[in-house]
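Peer 1: I'll drop the sequence and a predicted model, then ask my questions.
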Amino acid sequence: MAKFALPGWLRTTGFAVFALALLYFAFDGVDLQAVWSSAREAQWGWIALSVVLGYIAVLSRGKRWTYVLSHLGHHTTMWRAVHATGVGYLVNMAIPRAGEVARATALNRADKIPVNVLIGTILIERTIDLVMMAGLLGVAFLTASDELTSLIDLTQGETDSQAGPGIPWGSILGGIGLVLGLLSWIFRGRIVQSAFYAKVQNFLSGMMEGIRAVGQLENKWAFWGHTFFIWGCYYVMVYVCFYALPFTSNFSLAQGLFVMMAASLGVLIPVPGGVGAYHYLVAMALVVLGLPYAQGLAFATIVHAAQAFMLMSSGVIGLIGLSARKGRTS
């Protein structure tokens, strides 16, 4: 039986339309003049520092990648790994989840490392990143459980506020879960025999293999050191932006972690660059901390634009760096 697959251009268009819909949802009914007035108060030196910290995290991620590749018997320089990582980020800005393949392809062309090996190492990284995100979510629950509960209530529109539109997440997720559960029960025989089920099994087993592989690295302590450093940069690059605006300058470290987690959840939604979802969730997180929705949206817009600039710049630098590599013999 022939497999059905959506054309690449249709998937890309669908993601873009979804992103624009979320962006419209985030700004719907908002006084744009109030958002602009708040944004004009920004001190751009702090935003520039955030951009620099973001690229430092890219450098660290590239160096960490070399440890995994070296363990598997493949060698590259830190800069080529960094450039390939930047290319992956650039592609992810346009096509969600396609950056991993672009990243592997870019380094394959530079160093002739097999693509399947590179994809495997990227899966290891993604596994560790999921573990780190889960850990930080746990810390956020411990340090800001009331804020997280309020964020859930606000985004469902369950509280009386001027925070903007709400989404009935509970009903949506419950309905999706019920439908998927019924379909899984009805078609359980076909599902177990399907290619999709096999892919899920392979993905889960690959995650476990990835975790075990990290424990076998010769430089495992350096790997973990870079991992904590990367996520530390992610945190600080958000936190320093609080100082860029007068109405966020007094937030605490715990509140910074809460906003970072909201931002991370926004980026997880499969739309180009987290557009719309990032703006909405970060703005709502700041509403929980006592800001008007327009000010929260101004902060989210500035920070997202700075991070997008950093990711696109790292991609352009990566393309230039790897293009220069083509003209060399070593």
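Peer 2: Great, that's in hand. Numbers count the residues shown, from 1 in each chain.

Peer 1: from here on, contacts and neighbour counts on C-alpha atoms
Peer 2: Noted.

Peer 1: where along the stretch 201-330 of the chain do the strands fall?
Peer 2: Ranges of strands in the stretch 201-330 of the chain, per DSSP state E, counting those that start in this stretch: none exist.

Peer 1: Helices along that one, start to end?
Peer 2: With DSSP state H, counting those that start in this stretch as the criterion, the stretch 201-330 of the chain has helices at 220-242, 253-268, 277-288, 293-326.

Peer 1: Out of those, which is closest to Asn92?
Peer 2: Distance to Asn92, taken as C-alpha to C-alpha, is lowest for helix 293-326 among the helices of the stretch 201-330 of the chain, at 9.3 Å.

Peer 1: Using the three-state scheme, assign Val139.
Peer 2: helix (DSSP: H, G, I helix; E, B strand; the rest coil).

Peer 1: tell me the most buried of the helices of the stretch 201-330 of the chain?
Peer 2: The highest mean neighbour count among the helices of the stretch 201-330 of the chain, using mean count of other C-alpha atoms under 10 Å, belongs to helix 277-288: a mean of 28.

Peer 1: helices or strands up against it?
Peer 2: helix 8-27, helix 145-155, helix 253-268, helix 293-326 (3 or more C-alpha pairs under 8 Å, 6 or more residues apart in numbering; DSSP states H and E).

Peer 1: before we move on, the earlier item: let me have the helices of the stretch 201-330 of the chain in a markdown table, extended by mean pLDDT.
Peer 2: Putting the helices of the stretch 201-330 of the chain into a markdown table (pLDDT from 0 to 100) gives the following:
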| stretch | mean pLDDT |
| --- | --- |
| helix 220-242 | 92 |
| helix 253-268 | 82 |
| helix 277-288 | 86 |
| helix 293-326 | 86 |
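
Peer 1: Mind putting the ones you listed into CSV with distance to Leu72?
Peer 2: Formatted as CSV, those follow (distance: least, C-alpha to C-alpha, whole Å):
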stretch, distance to Leu72
helix 220-242, 13
helix 253-268, 29
helix 277-288, 36
helix 293-326, 22
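
Peer 1: Can you list the low-confidence ranges for the stretch 51-200 of the chain?
Peer 2: The stretch 51-200 of the chain contains residues with pLDDT under 70 at 154-200.
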